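A.B. asks: Need the 3D shape of this:
(chains A, B, C and D)
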2 protein chains.
Amino acid sequence: MPPGGMLRGINSATLDAKGRMALPARLRESFASVSGGSLVVTIDTKDRCLLLYPLPHWEAVQEKLENLPNLNPRSRTLQRLLIGHATDLEPDATGRVLLPQKLRDYAGLDKKLVLVGQGNKVEIWGEAQWEAQMGQWLSDDSVAQLADAEEFTGLSV
Amino acid sequence: MPPGGMLRGINSATLDAKGRMALPARLRESFASVSGGSLVVTIDTKDRCLLLYPLPHWEAVQEKLENLPNLNPRSRTLQRLLIGHATDLEPDATGRVLLPQKLRDYAGLDKKLVLVGQGNKVEIWGEAQWEAQMGQWLSDDSVAQLADAEEFTGLSV
DNA sequence: TGAATTGTGGGGAAAAGTGGGGGCTACGGC
DNA sequence: GCCGTAGCCCCCACTTTTCCCCACAATTCA
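C.D. replies: Below you'll find the model as predicted:
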């Protein structure tokens, strides 16, 4: 229950045979404090994972997307992918949500999932994909590049 | 049932032997909340897919089209294509609409369809065409360009 | 260790989707 | 003008899926 509905931390979860995911109780509390439980899930266009937003946060994102220049074909693609896949979810009485088949397929999800808090949203990864990414991010080369990156000058952790 | 009649999300549907499409229940609810169920279908001029509007949203689009400069031949072409193909639809008692043969041919629709919510309208794609497009949009080049575009506009999802 | 909360599985009622028959209408031919 | 034909549309009945809820298992916390 971080204040301001700020989502962080990493959680495990599982998909059952029907494609339902039980939200870890901590996350459920965070969501409840923002949106009363209404959620929106969509795809991430850069990585093969899903993005889970509390409804108000999603609406802010969608508004930004709709204000992109409509002439630009890349904007349209982005709108198609993000808005086109955005699905409203309501947790059931036990706090589970049904992830749509098409989205599960996109992210290659099977039984074991990893949920990663990212500020206004939670990323949903298949465990295998997550570990593969972690391995890559932590490889020496990538870390060195991060340290050098200009964007982070002045950034101190 | 996204608020404000905002259409989003991806759905599967099928065409039966008579060319009828059963609207997924969720979409039907969204439509009902905007237009009482009256719909207009027309073609998309950029992609081989159809566009399905709740009547009030279509009327707004048509008004914009009619206000284009009539001297400009490109405007007239656009008007002919969009307004010319626009067909009013009323779902039957079980929530099905008959898609006109010409429009089905234009979009190359056969049995399996994909419906993609896009704000004020829903795009209707043949499953094969949709998957081909998805593959292209998600190919390495396109994704890299998207990433650039996002940075350029300061968009953060 | 026990009690409460969280997570998992599954059955069943209700809703949604699908196929198809039959009647009405519109149109064309005789 | 009358009849035949074809297409559309309305409705009924069957099948499939969805989702809601209950009961048990596992985990956590005191």
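A.B. asks: What residues sit buried inside stretch A:108-115?
C.D. replies: Within stretch A:108-115, the residues scored as buried using 16 or more other Cβ atoms under 10 Å in any protein chain shown are A:Leu109, A:Leu113, A:Val114, A:Leu115. In this view, the C-beta of every residue, glycine as well, is placed from N, C-alpha and C.
A.B. asks: do it and chain B meet?
C.D. replies: No - using Cβ under 8 Å from any Cβ of the partner chain, we find that stretch A:108-115 stays clear of chain B, coming within 13.0 Å at best.
A.B. asks: Tell me which residues are up against that stretch.
C.D. replies: Under the criterion Cβ atoms under 8 Å, 6 or more residues apart in numbering or on different chains, residues A:10-15, A:21, A:24, A:27, A:48, A:50, A:52, A:99, A:122-130 lie in contact with stretch A:108-115.
A.B. asks: Would you mind pulling up the elements that whichever strand or helix holds A:Arg80 packs against?
C.D. replies: Using DSSP states H and E, A:Arg80 sits in helix A:73-85. If contacts are counted by 3 or more Cβ pairs under 8 Å, 6 or more residues apart in numbering or on different chains; DSSP states H and E, helix A:73-85 sits against strand A:39-43, helix A:55-66, helix A:101-107, strand B:112-118, helix B:127-138, helix B:140-153.
A.B. asks: 7 Å instead?
C.D. replies: strand A:39-43, helix A:55-66, strand B:112-118, helix B:140-153 (3 or more Cβ pairs under 7 Å, 6 or more residues apart in numbering or on different chains; DSSP states H and E).
A.B. asks: and the angle for the second one with strand B:112-118?
C.D. replies: Going back to what we said before, that points to helix A:55-66. 90 degrees (axes from the mean of the first three to the mean of the last three Cα atoms, to 10 degrees).
A.B. asks: Could you pull out the buried residues of helix A:55-66?
C.D. replies: Buried-residue list, helix A:55-66, by 16+ other Cβ under 10 Å: A:Leu55, A:His57, A:Trp58, A:Glu59, A:Val61, A:Gln62, A:Leu65.
A.B. asks: Verify the stated contact: the first one with A:Ser38.
C.D. replies: Yes - with contacts defined as Cβ atoms under 7 Å, A:Leu55 counts as touching A:Ser38 at a distance of 4.0 Å.
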